[in-house]
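Asker: Got a sequence here, can you model it:
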Amino acid sequence: MDKYSVLRGYFGHPGFREGQEVLIDAILSGRDALGIMPTGAGKSICYQVPALMMRGITIVVSPLISLMKDQVNALIGCGVRAAYLNSSLSAEQYARAIELAKQGRFQMIYCAPERLITPSFLSFAKYADISMVTVDEAHCVSQWGQDFRPSYLRIPEFISKLKRRPIVSAFTATATSRVKDDIISMLGLKTPELVVTSFDRKNLYFGVERPNDKYARLCELLEQNKDKSGIIYATSRKSVEEVCARLTEAGYSATRYHAGLTDEERQRNQDDFLFDRKRIMVATNAFGMGIDKSNVSFVYHYNMPKDIESYYQEAGRCGRDGSDGECILLYSPQDVRTCRFMIEHDEDGNDLDEEELIAVRRGQLDRLDKMKRYCTTTSCLRGFILSYFGENKPVKCGCGDVRGCSNCEGDLEDKDVTIEAQKVLSCVYRLAQRRLSYGETMVANILKGKKDTKILSGSLDTLSTFGIMKDSTLVDIKRIIRFMEEEGCLTKNEYGSLMLTARARPVLIEKQPVTMKVPRPDKMPRERTSRAARQLTGKTSRPELFWRLRSLRNKKAQEENMPAYIIFNDSSLRDMCEKLPKTAEEFLNISGVGEAKCKKYSADFTAEIIAYLNSSNEQQQG
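Answerer: Sure, this is the predicted structure:
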């Protein structure tokens, strides 16, 4: 089979998405590969297709048990011989799986990084025909990533013990330039094919709100999304418990997930959410990595996460099937203090030396500062995220097929801040003339004209820029400073001090106009009606048929004891509503339907479609 036949026959997709084919071709030619692709972009296809075409076994290193189970169940449903090896198996089950692996019964084996170098796994792997090692969630190898896991550093050791070096491929949803370089170096990738696709999730709406009562606003959003599935993220276990208890008491179908629960309860609650027995999951960031639930319509953050990487990965669990999704962050300044406390008292770095720990925490605090700026910026939220990951940002979102954001669609107006921007840049320049540099707070205090001890002792009150913004509030001054950072006119050194960049010259010297979005003086920022509430059944002209097919899918899921989205996601159901297949041959043309699923489900689903057509007297067009 060629790659197109594998894609169509196993996974039911008519064509490859952006970046997939390039990575697949590189792997099939024997090259290492690194794919940096946002959640929902189809990373797994990039290694699953070549794994099914190459001789031997593909080992997929995956950090979470739930992720492995989810992907293996989906592969088995597509007719792929796959298995996972982790602590959820009994000793007898594990031994049996190893024996089957030795017999070559599996094309793909998912394994936790900690298990790679255990004697039992090595005894199998040393003599097995391993064609590729794939590292999923590859950012975990970097100390500069948001989910650093020391166990990932053992992956090269495992590879070195194999009888021959296999192809090594790595994939992640979020990686800055520094993390990307770390992945290549730490995993020992050899001149890898690198593909970085656009981080823009056009089907997602991004919003930041500062409600006086977070819980009341959360309930308003949930009421606008009745019958929809979604995730609510909170920073602490205490917040998760409190929010989940209040929602349950109010009659919402909600469950909870955090590290303080027993393994049994976490698994039970996760299954309740995945199997649609519970509509809402309230969780800390312990939940979600690798969860492929396709019908998540909203992700609400009750608290601000610690970094943009975590936020975008968590928000990206929304709208994975291409449907409109809503990602709203309910922000308060207390969130920043909570995150800072958690960073400074984090004990996960006990195996690092003092110098490494200082470097890691400095990086965490820098990412926290960027996260805070996302929550307080008046610029385009989509653009802020794309710029953070090194991608060109749009002037305005919400155009064409791109969902909007609360800033671009909110009650903001453009304001000329050229003079204010020049004053800020001039202050940083005057400090540099004295070979001094300070952070945002000190620069703002100088511009405001505050005569505190540090300013007076350093004779900073003698600067020509001292007090030149005395009529502005410190909040407004800091907003200008941050905006100039977003525009690339200011940057920070490793100590957090502000410095001018080459882009400052046109503003400071050539009087280039600067325009910034600010709240309209006659209006308070309004809390918008939920965008996801406008899309009850997705883009289908036959909502009744959609719900009939959805009920049939849920029935099949209960019979087979697996999540409904593994059978078919909502996009496949909508495609059935549009194409109205009445035969197995026509059913095979539905998106997400491969040969195995066609053989298993076509009779029941086409019968439901025919019954609908007969009851509605609708005649299929064309």
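
Asker: which ones are touching V475?
Answerer: For V475, the contact set (Cβ atoms under 8 Å, 6 or more residues apart in numbering) is empty. C-beta: built from backbone N, CA, C; applies to glycine.

Asker: in whichever strand or helix holds it, what's buried?
Answerer: Under the criterion of DSSP states H and E, V475 resides in helix 474-486. Within helix 474-486, the residues that qualify as buried are 476-486, counting by 16 or more other Cβ atoms under 10 Å.

Asker: Also stretch 409-419?
Answerer: For stretch 409-419, by 16+ other Cβ under 10 Å, it's 409-410, 412, 415, 417.

Asker: What of stretch 25-37?
Answerer: By 16+ other Cβ under 10 Å, the buried positions in stretch 25-37 come out as 26-27, 31-37.

Asker: hang on, isn't F106 packed against L85?
Answerer: No - in this structure, F106 is not within contact of L85 by Cβ atoms under 8 Å, at 9.8 Å.

Asker: hang on, the earlier thing: output the buried residues of helix 474-486 in a markdown table, with pLDDT appended to each entry.
Answerer: A markdown table is the format used below for the buried residues of helix 474-486 (pLDDT from 0 to 100):
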| residue | pLDDT |
| --- | --- |
| D476 | 89 |
| I477 | 94 |
| K478 | 91 |
| R479 | 87 |
| I480 | 92 |
| I481 | 93 |
| R482 | 86 |
| F483 | 88 |
| M484 | 90 |
| E485 | 86 |
| E486 | 79 |
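
Asker: Which one of those residues is nearest to L425?
Answerer: Checking the buried residues of helix 474-486 against L425 with Cβ to Cβ, the nearest one is M484 at 6.7 Å.

Asker: Could you pull up the residues touching that closest one?
Answerer: M484 touches 421, 424-425, 490, 504, 507, counting by Cβ under 8 Å, 6+ apart.

Asker: which of those residues has the most neighbours?
Answerer: Highest neighbour count within those, by other Cβ atoms under 10 Å: V424, with 32 neighbours.

Asker: Could you check the pLDDT of that one?
Answerer: Per-residue pLDDT puts V424 at 95.

Asker: element containing it, please.
Answerer: Short version, using DSSP H and E: V424 is in helix 418-433.

Asker: now that helix: how far from the chain's centre is it?
Answerer: Centre-to-centre, helix 418-433 and its host chain are 37 Å apart (Cα atoms, centre = their mean, to the nearest Å).

Asker: again, but for stretch 472-490
Answerer: In terms of Cα atoms, centre = their mean, the centre of stretch 472-490 is set 28 Å apart from its chain centre.

Asker: again, but for stretch 560-572
Answerer: That offset, for stretch 560-572, works out to 21 Å (Cα atoms, centre = their mean).

Asker: what's next to it, contact-wise?
Answerer: Contacts with stretch 560-572, where a contact means Cβ under 8 Å, 6+ apart, come from 12, 70, 73-74, 77, 274-276, 292-295, 320-323, 538, 550, 553-554, 556-557, 590-593, 597, 601.

Asker: same check, this time on stretch 173-187
Answerer: 34, 36-39, 41, 43, 135, 137-139, 141-146, 152-153, 155-156, 168, 170, 172, 189, 192, 194, 196, 199, 309, 312-313, 316, 388-390.

Asker: so for that stretch, what's the average pLDDT?
Answerer: 88.

Asker: try stretch 580-596
Answerer: Averaging pLDDT along stretch 580-596 yields 93.

Asker: Wait, a strand at Y110?
Answerer: Yes - residue state for Y110 (DSSP: H, G, I helix; E, B strand; the rest coil) corresponds to a strand.

Asker: isn't it right up against V60?
Answerer: Yes - counting by Cβ under 8 Å, Y110 touches V60, with 4.7 Å between them.

Asker: Can you work out which residues contact both of the two?
Answerer: Jointly contacting Y110 and V60 under the rule Cβ under 8 Å, 6+ apart are 68, 71.

Asker: Could you list the low-confidence segments of the stretch 501-622 of the chain?
Answerer: Across the stretch 501-622 of the chain, the ranges flagged by pLDDT under 70 are 520-540, 617-622.

Asker: show me where it has strands.
Answerer: Assigned by DSSP state E, counting those that start in this stretch, the strands in the stretch 501-622 of the chain fall at 515-519.

Asker: host element of the most centrally placed residue in the chain?
Answerer: Closest residue to the average C-alpha location of the chain: Q313 at 1.5 Å, with Cα atoms, centre = their mean. Using DSSP H and E, Q313 sits within helix 308-315.

Asker: Give me the distance between I385 and F171.
Answerer: From I385 across to F171, the span is 20 Å (Cβ to Cβ, to the nearest Å).

Asker: can you redo the buried residues of stretch 25-37 as a markdown table with pLDDT?
Answerer: Shown next, in a markdown table, are the buried residues of stretch 25-37 (pLDDT from 0 to 100):
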| residue | pLDDT |
| --- | --- |
| A26 | 96 |
| I27 | 96 |
| R31 | 96 |
| D32 | 97 |
| A33 | 97 |
| L34 | 96 |
| G35 | 95 |
| I36 | 93 |
| M37 | 89 |
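
Asker: Narrow the residues you listed to those in helices?
Answerer: Mapping the buried residues of stretch 25-37 onto helices (DSSP state H) picks out 26-27.

Asker: Tell me which of the buried residues of stretch 25-37 fall in strands.
Answerer: If you go by DSSP state E, these have 33-36 in strands.

Asker: Dump these to TSV, plus distance to V299.
Answerer: Converted to TSV, these look like this (distance: Cβ to Cβ, whole Å):
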residue	distance to V299
A33	29
L34	27
G35	23
I36	21
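
Asker: Quickly name whichever of these is closest to I65.
Answerer: For these, the residue nearest I65 by Cβ to Cβ is G35; the value is 23.2 Å.

Asker: show me what contacts the closest one?
Answerer: Contacts for G35 (Cβ under 8 Å, 6+ apart) come out as 19, 23, 43, 46, 169-172, 195, 197.

Asker: Name the nearest of the residues you listed relative to T441.
Answerer: T172 (34.1 Å).

Asker: Provide the partner residues of that closest one in its beta bridges.
Answerer: I36 (DSSP bridges).

Asker: now the end-to-end length of stretch 556-572.
Answerer: The first and final residues of stretch 556-572 sit 15 Å from each other (Cα to Cα, to the nearest Å).

Asker: In that stretch, which residues are buried?
Answerer: Buried residues in stretch 556-572, counted by 16+ other Cβ under 10 Å: 556-557, 562-572.

Asker: May I ask which two of those residues are separated the most?
Answerer: For the buried residues of stretch 556-572, the farthest-apart pair by Cβ to Cβ is M562 and S571; their separation is 18.1 Å.

Asker: burial measure for the closest residue to T58 other than its chain neighbours, as a count.
Answerer: Sequence neighbours aside, A51 is the residue nearest to T58 in space, at 3.7 Å (criterion: Cβ to Cβ, 6 or more residues apart in numbering). Neighbour count for A51, taken as other Cβ under 10 Å: 25.

Asker: wait, what's in contact with A51?
Answerer: Counted by Cβ under 8 Å, 6+ apart, A51 has contacts 58, 107-108, 131-132, 134.

Asker: So which of those wins on neighbours?
Answerer: With neighbours taken as other Cβ under 10 Å, the top of the contacts of A51 is T134, carrying 27 neighbours.
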